[in-house]
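> sequence first, then the predicted structure, then my questions.
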Amino acid sequence: MKILWFILVPFLAAVAWLAWPAADAGRQAAADSAPISWQGSPPTLILKDAEEVFKKAFWRRPAPTDQIQHAERHEWLDSDGLARWQWFLVLSASPELIKYLRDDNAFGLMPASAAPVVNAAPAWFLFKPEDVTVLKASRAGMCLMFSKSDDTLFATGSGRGFSKGAPEPPSVIQGVPVHGRLPITSPPIPKPQ
């Protein structure tokens, strides 16, 4: 009986050790597929191509040392094109990206005392507010949360699509007056008497 325990306990420990990554992957898949409660209508398009989301967010390509863990962009389209957008990124940022975003402050962000509450965020966009330093745009929707303990970056942004410009003014047609309709010379000016 003791021999059975000596075999069974290590066997169960090995099975549990091997099953741990699969269970963790299952929790991760559940977090990735958790539904978002939309405020209003859901987006017309959800983009999950990590490199494309990164490029649209930071206006540059990710470096080979930027390890994107999660990326998602929501777009609402109407008859005129892009009406509004929102994106989310979680990545292990390279030192060059951290320098570009935080030290060089490429987007002119201001330090904030607290991380904002983000509506309609994916389930994987989670962080502890006390564990991050925050840079936020004063009027726009961009916000970067840098981990205080490692190189993890949580980033989000939102905005409206391109607004229509003012309509073109009507062109003024100048031409030669038709003979007979108006006099060609100016009217006579009376002389003082």
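That came in fine, so what should we check first?
> now the strands for this structure?
Using DSSP state E, the strands of the chain run over 45-47, 67-78, 81-92, 110-112, 132-136, 143-147, 152-160.
> the second one pairs with which strands?
Paired strands of strand 67-78, with direction, are strand 45-47 (antiparallel), strand 81-92 (antiparallel) (DSSP bridges).
> shaky segments in this structure?
1-40, 162-165, 172-183 (pLDDT under 70).
> which stretches in it count as helices?
2-33, 50-58, 95-98 (DSSP state H).
> contacts for the last one, please.
Just to be clear, that refers to helix 95-98. Under the criterion Cβ atoms under 8 Å, 6 or more residues apart in numbering, residues Phe58, Pro62, Ala63, Thr65, Asp66, Phe146, Asp151, Leu153 lie in contact with helix 95-98. Backbone N, C-alpha and C define where each C-beta goes, glycine included.
> and Pro116, how far from Thr156?
In this view, Pro116 and Thr156 are 8 Å apart by Cβ to Cβ, to the nearest Å.
> now list whatever residues contact both of the two.
Cys143.
> with neighbour numbers in mind, choose between the two.
Under the neighbour definition other Cβ atoms under 10 Å, Pro116 and Thr156 were set side by side, and Thr156 has more, 22 against 13.
> just give me the residue right at the centre of the chain.
Closest to where the C-alpha atoms of the chain average out (Cα atoms, centre = their mean) is Trp87, at 2.6 Å.
> what's that one in contact with, if anything?
Val53, Lys56, Ala57, Ala71, Glu72, Arg73, His74, Ala155, Thr156, Gly157, Ser158.
> try Ala57
With Cβ under 8 Å, 6+ apart, Ala57 has these contacts: Arg73, Trp87, Leu89, Ala155, Gly157.
> for it, which non-adjacent residue is closest in space?
Computed as Cβ to Cβ, 6 or more residues apart in numbering, the closest residue to Ala57 that is not its neighbour in sequence is Trp87, at 5.3 Å.
> tell me what the one you found is bridged to.
Beta-bridge partners for Trp87, by DSSP bridges, are Arg73, Gly157.
> how far off centre is stretch 41-53?
9 Å (Cα atoms, centre = their mean, to the nearest Å).
> can you list contacts of that stretch?
Stretch 41-53 is contacted by residues 36, 61-62, 68, 70-77, 86-87, 89 when judged by Cβ under 8 Å, 6+ apart.
> again, only this time at 6 Å
With contacts defined as Cβ atoms under 6 Å, 6 or more residues apart in numbering, stretch 41-53 is touched by Ile68, Ala71, Glu72, Arg73, His74, Glu75, Trp76, Leu77, Trp87.
> quick check: buried residues in it?
Pro43, Leu47, Ala50, Val53 (16 or more other Cβ atoms under 10 Å).
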